[in-house]
Every structure is written in structure tokens, then in C-alpha cells.
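> Below is the sequence, then the predicted model.
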Amino acid sequence: MLRPYGLVMEFRKQSIKTSVVACIIDEQERVLLTRRCIHPFCGQWVMPGGKIDLGEAILEALHREVREEVGIEVRVEGLIDVFEHLQVGSDREHFVILYYRAAPLSGELRPNGVECTEAAWIDKERLPAFDLTPGTRHILAKVFPGVGFGNGAPPPRSAEGEVPGGSDFQQN
């Protein structure tokens with residue numbers, strides 16, 4: 001856009017992306033994790049979830065995202081916590097994520113291949129060995145305090161060092 005006096009200004013609409021994530025735990029205390037294949041956090045393990053569409057109720061979005069990503073139905077049991085990622089990627093995006101605990105109502109996992117390439121039930125003792133996002137580690141440390149996610153301190157609110165490829169990471 002050309003401005004008076006020959007100045008060119010770039011306009012970028014700023015917004016906060018609000019998402020909802022399901023921490024799905026089965027009767028054996030295994031957690032459903034998916035390997036993410038889109039920006040941000042491509043290649044890392046996360047719990048199913050995604051953006052809340054304008055006009056969509058929070059829990060409606062949670063059910064939709066779980067069905068879309070892994071093909072199962074869940075029963076929502078309650079809000080665990082709210083987490084935010086600041087300055088993610090080269091666009092310095094800002095995410096606010098609501099994490100809900102849920103239980104599976106159906107069983108066969110069908111990762112959609114668009115947002116996640118794998119889905120698996122993971123025993124809680126094995127969770128620290130996975131490459132998890134900061135928000136996922138934070139929530140799992142709250143749900144399973146004795147599992148060994150460090151000293152219990154909250155993770156940094158900036159995900160700069162957590163995004164594969166750092167700030168030069170290309171969006172899909």
C-alpha cells in the first residue's frame with residue numbers, strides 16, 4: 001500500500017487465535033497423543049484440538065476437532081487449564097488454548113493425515129520420552145504430577161525455542 005510522502009506501509013491484521021484441546025484419558029490412564037504435521041509444532045506430539053470457529057461454542061469445537069483429527073467421540077469432563085503461546089514463528093502469532101479433560105466413547109483411532117500423521121494411546125509413564133509442545137507438557141504435568149515433567153515450574157510463555165525451525169519456520 002502506497003502512503004503519502006512515498007512511504008510504503010505493510011498492514012497485518014493482528015489477532016489472537018483461540019483454540020480448544022482435548023486431554024483424552026482412557027480407563028487405563030493412557031493419554032491420546034497425535035503427531036502434528038502442520039504449523040505450528042509440526043513433527044511434535046500434541047493432544048487433539050484446534051481453532052474455535054467464529055460463532056462456534058467451545059465444546060462444540062472440541063468435539064468437532066477430535067472427530068476431524070482422530071475419528072472418535074468423547075465425553076468432556078471439565079476444564080483443566082488455559083495456556084498461551086506468545087510470539088510463535090516468524091509472524092509472532094499469539095495463541096490462547098483451553099485444555100479440557102475428556103474420556104473416549106469410541107475406540108478406533110483414524111488420524112486424518114492432514115493435521116496429524118499418527119495417533120496413539122500412551123501410558124503416562126512413557127509421556128516424558130515424547131517430543132511434546134510446551135502446552136502439552138504443562139497440562140500433562142498438572143494431570144499426572146508424579147510422572148516427571150521437571151520441577152513443576154510453568155513453561156516459558158514464549159514458544160520461540162520450541163517451534164521446530166525457530167522463528168524462520170515456514171507456514172503451510
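That came in fine, so what should we check first?
> need the strands for the chain, in chain order.
Ranges of strands in the chain, per DSSP state E, are 16-24, 30-36, 45-46, 49-51, 74-88, 93-104, 116-123.
> Check which residues of the longest one are buried.
Right, strand 74-88. 74, 76, 80, 81, 83, 85, 88 (16 or more other C-beta atoms under 10 Å). (C-beta placed from N, C-alpha, C; glycine too.)
> now swap in the fourth one and tell me
When burial is assessed from 16+ other C-beta under 10 Å, strand 49-51 yields the following buried residues: 49, 50.
> I'd like to know which elements that strand is packed against.
If you count contacts as 3 or more C-beta pairs under 8 Å, 6 or more residues apart in numbering; DSSP states H and E, strand 49-51 packs onto strand 16-24, helix 58-70.
> and that strand, how far out from the chain's middle?
7 Å (C-alpha atoms, centre = their mean, to the nearest Å).
> Kindly report the same for the third one.
The gap between where strand 45-46 is centred and where its chain is centred comes out at 7 Å by C-alpha atoms, centre = their mean.
> Burial check on residue 47, number of neighbours?
Applying other C-beta atoms under 10 Å, we find 27 residues neighbouring residue 47.
> can I assume it is in contact with residue 139?
Yes - using C-beta atoms under 8 Å, residue 47 makes contact with residue 139 at a distance of 7.5 Å.
> Which neighbours do these two have in common?
With contacts taken as C-beta atoms under 8 Å, 6 or more residues apart in numbering, residue 47 and residue 139 have 21, 23, 99 as neighbours in common.
> Looking at strand pairing, list the partners for the first one.
Going by DSSP bridges, residue 21 is paired in beta bridges with residue 49, residue 99.
> what about it, distance to residue 64?
13 Å (C-beta to C-beta, to the nearest Å).
> The two - which one has more neighbours?
A direct count of neighbours by other C-beta under 10 Å for residue 21 and residue 64 places residue 21 higher, at 24 against 15.
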